[in-house]
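# Below are the sequence and a predicted model for it; my questions follow.
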Amino acid sequence: MKTKLQHHLENELDREFLNKNIFFNKNISQQTWFGVGGVAEALFVPQSSKDLIKVLKLINSNTKINVIGLGSNILIRDGGLNGITIRLSKNFNFINENDKYIVSGAAVPDKVFSRYCYEKSFTDCEFLYGIPGTIGGAIAMNAGCYGSEISDVVYSFKCIDFEGNEITIKNSEQIFSYRKNNFLKNHIVTEVEIKKTHGDKDQIKEKMNDINTRRLDSQPQKVRTGGSTFKNPTSQVSDKKTWELIKPYLNEVNCPDGVSMSKKHANFIINTQTKSSNIIEDFSERIREKVLEKTGVQLEWEIEIKGQR
């Protein structure tokens, strides 16, 4: 049965546009690294900012809008995603340059961007080699690792709000905080300007290799995981990393079939065989409760949870 949203979009948009850009009742579980989750009422894959603005201006202001990238840091619930779910097309996967900045589309994978910088002998973006997401996603959550984060290198970013207005935001101390973009609320990042800093190519490669080695040694590989489940607490809350808070009490948490905690890193939950995101979420919540009980630290989700149970 068609929903009101589907009827509305089919009435307002031509058939060619719909066939190319919008997919109704789309199972998107395989578009996430966990490999679980329900159906999206409408999956919208815009080919350009113009397409994105067109649809955002068309839909009702009460329509739920979800944004997903590579699916590396997201858990979609079994009940699926109501409203419209937006995933930028490959047309947003581009890298250009001007005199001062590297201009990246929001859909460029972080690792690809880091390699580009290496080839051009630009430094300070080596850390992106260890992050499994996109440049747009990095801006949305101020992604980082090994002492660096995207806010250190970004000059500005373009975004479109949920009403279809295009905005350019320049970086400042107020925009970013730890694993958070304080400006982005109802916005979709489309383009990013990164500062150009020239460096020694051999030293850049050495940093990238070091980051990759550290990642391989400390994080699970080739498994279904969403990356770090919880944020590290601030130094004011605890002097320990999240995995250090979890590991001593992990055996006290009931682990359901089909899910496990990585033996390499006690903040990486692995989907071994479950088809239910609710099982992953519930296991994670039991870990949070146990850490709070034992240490008094309330862990904050780093993985973004979307949808209905």
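Nice, thanks for sending it over.
# what about the helices in the stretch 151-300 of the chain?
In the stretch 151-300 of the chain, the helices defined using DSSP state H, counting those that start in this stretch lie at 201-218, 242-246, 277-295.
# can I get those in a markdown table with mean pLDDT?
As requested, the helices of the stretch 151-300 of the chain are arranged in a markdown table below (pLDDT from 0 to 100):
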| stretch | mean pLDDT |
| --- | --- |
| helix 201-218 | 95 |
| helix 242-246 | 97 |
| helix 277-295 | 97 |
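# Could you identify which of those helices is most buried?
Between these, the one whose residues have the most neighbours on average, counting mean count of other CB atoms under 10 Å, is helix 242-246 (a mean of 21). Using the backbone N, CA and C atoms, a C-beta is placed for each residue, glycine as well.
# how about CSV for the helices of the stretch 151-300 of the chain, with distance to Gln308 added?
Output for the helices of the stretch 151-300 of the chain, formatted as CSV (distance: least, CB to CB, whole Å):
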stretch, distance to Gln308
helix 201-218, 34
helix 242-246, 27
helix 277-295, 10
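# For Arg15, which of the ones you listed is the nearest?
Distances from Arg15 to each of these were compared using CB to CB; the shortest belongs to helix 277-295, at 33.5 Å.
# CA-only coordinates of that closest one in PDB, if you can.
Extracted in PDB, the C-alpha atoms of helix 277-295 (Å, rounded to 0.1, in the frame of the first residue of the first chain):
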ATOM      1  CA  SER A 277      19.500  -4.300  15.100                       C
ATOM      2  CA  ASN A 278      17.400  -4.400  18.300                       C
ATOM      3  CA  ILE A 279      19.600  -7.200  19.700                       C
ATOM      4  CA  ILE A 280      22.700  -5.100  19.000                       C
ATOM      5  CA  GLU A 281      21.200  -2.000  20.600                       C
ATOM      6  CA  ASP A 282      19.900  -3.900  23.700                       C
ATOM      7  CA  PHE A 283      23.400  -5.500  24.200                       C
ATOM      8  CA  SER A 284      25.000  -2.100  24.000                       C
ATOM      9  CA  GLU A 285      22.600  -0.600  26.500                       C
ATOM     10  CA  ARG A 286      23.300  -3.400  29.000                       C
ATOM     11  CA  ILE A 287      27.000  -2.500  28.700                       C
ATOM     12  CA  ARG A 288      26.200   1.200  29.300                       C
ATOM     13  CA  GLU A 289      24.200   0.200  32.400                       C
ATOM     14  CA  LYS A 290      27.000  -2.000  33.700                       C
ATOM     15  CA  VAL A 291      29.700   0.700  33.300                       C
ATOM     16  CA  LEU A 292      27.400   3.300  35.000                       C
ATOM     17  CA  GLU A 293      26.800   0.800  37.900                       C
ATOM     18  CA  LYS A 294      30.500   0.000  38.400                       C
ATOM     19  CA  THR A 295      32.200   3.300  37.600                       C
END
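# so what secondary structure elements neighbour that helix?
strand 74-76, helix 242-246, strand 259-261, strand 268-271 (3 or more CB pairs under 8 Å, 6 or more residues apart in numbering; DSSP states H and E).
# Out of the helices of the stretch 151-300 of the chain, which gets nearest to Asp257?
Of the helices of the stretch 151-300 of the chain, nearest to Asp257 by CB to CB is helix 277-295, at 8.4 Å.
# Which residues outside the closest one are in contact with it?
Residues outside helix 277-295 that contact it (CB atoms under 8 Å, 6 or more residues apart in numbering): 34, 36-38, 75-78, 229-230, 238, 245-246, 248-250, 252-256, 258-259, 261, 269, 271, 274, 297-299, 301, 303, 305, 307, 309.
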